[in-house]
Structure formats: C-alpha cells, structure tokens
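> predicted model, plus sequence, below.
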Amino acid sequence: MNACTALVRSNLHLNRAFDGDLVAVKSSKVVGIIHNNVKASYAGALCTGKDAKNLFQPTNAAIPKISLSLEGGRLEKYRGKKLLVGIDGWNQNEVHPHGHVVDVVGDLNDIKTETKVVLHEFDIPTYPFSKEIYNSLPDPSYPIVNTDGRR
C-alpha cells in the first residue's frame with residue numbers, strides 16, 4: 001500500500017478523521033478511515049465564551065474540539081483546570097466528537113500541571129518506579145568517575 005501526506009483544507013472535509021489517521025482522500029476530502037490513530041486521552045481545558053459550553057479544547061491544535069456531557073455542577077468543577085479527556089465516538093451528523101473526562105491534571109497555568117501535560121502529550125510515562133528498579137540502582141555512596149575527561 002502506498003502512503004503519502006495529504007492536505008485537507010477544511011475541518012468540514014475531515015469526515016471524523018483525526019491527525020495521524022490513515023485515510024482515503026479524494027479531491028482534498030477524507031472519504032474513509034483505514035486505520036484509526038486516536039489516543040486513549042487528550043490533555044486540554046474547557047473552552048471559554050458564551051457559545052463554548054461543554055466544549056473541550058485539546059492542547060494539541062491538530063485535534064478537534066470535543067463535546068462533553070457535563071450535567072449539574074460538574075461543568076463548574078472543571079473550569080480553570082487542565083483535563084484529560086477520552087473520545088467516546090463521533091456521530092456522522094455531529095460537528096465535534098463526544099467524550100468524557102478521564103482525569104483532572106491540575107490548575108491552569110500551574111508549572112507542575114503544564115509539565116504533566118507536556119509529558120502526557122509526548123507519551124512519556126510519569127508513574128513511580130517499582131521497588132525492583134530502585135533495588136537495582138547502585139548504592140548512593142557509589143562514586144561517579146569521569147573517565148573521558150569532560151566536565
């Protein structure tokens with residue numbers, strides 16, 4: 001199979017495809033998704049403004065806004081927070097895919113939160129090391145010797 005990169009000039013022509021999907025393209029329109037490349041979750045925040053209710057804006061601009069079903073006070077609970085959101089689906093007649101909140105990363109503009117988001121976006125694991133890993137490390141008093149003469 002031959003693969004190449006195609007420019008799709010409008011979100012209207014994406015036909016529910018995500019950045020990185022393997023798609024069939026005809027006249028700059030996606031006509032089919034051959035292989036889906038959706039991640040388990042995307043980092044971002046709720047959109048602001050009057051017309052932005054229940055819309056999530058991923059940090060990665062190549063990912064479309066995601067519609068969330070937030071009833072009651074949950075919408076206010078997530079305002080001002082960085083979130084991880086999973087995609088549940090994308091109906092043919094909807095402008096945005098729909099999803100759910102997987103986790104709250106932290107407060108917007110907080111350095112620890114933003115660091116976690118960058119690590120998440122580049123698929124760098126942040127879970128703690130196991131005891132086996134810690135046990136395999138040398139003793140803290142182990143001398144580090146410069147063998148190549150660099151500082």
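Cool, the structure landed.

> what is the lowest-mean-pLDDT helix or strand in the chain packed up against?
Ranked by mean pLDDT, DSSP states H and E, the weakest helix or strand in the chain is strand 29-35, scoring a mean of 75. On a contact count with 3 or more CB pairs under 8 Å, 6 or more residues apart in numbering; DSSP states H and E, strand 29-35 meets strand 22-26. Using the backbone N, CA and C atoms, a C-beta is placed for each residue, glycine as well.

> given the strand it packs on, what are its sheet partners and their directions?
In the sheet, strand 22-26 lines up against strand 29-35 (antiparallel) (DSSP bridges).

> beyond the strand it pairs with, next helix or strand please.
strand 42-46 (DSSP states H and E).

> elements contacting that following strand?
Going by 3+ CB pairs under 8 Å, 6+ apart, strand 42-46 lies up against strand 55-58, strand 81-89, helix 111-121.

> want to throw these into TSV with distance to Asn37, mean pLDDT and mean neighbour count?
TSV is the format used below for the helices and strands packed on strand 42-46 (distance: least, CB to CB, whole Å; pLDDT from 0 to 100; neighbours: other CB atoms under 10 Å):
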stretch	distance to Asn37	mean pLDDT	mean neighbour count
strand 55-58	14	93	20
strand 81-89	11	94	18
helix 111-121	14	94	15
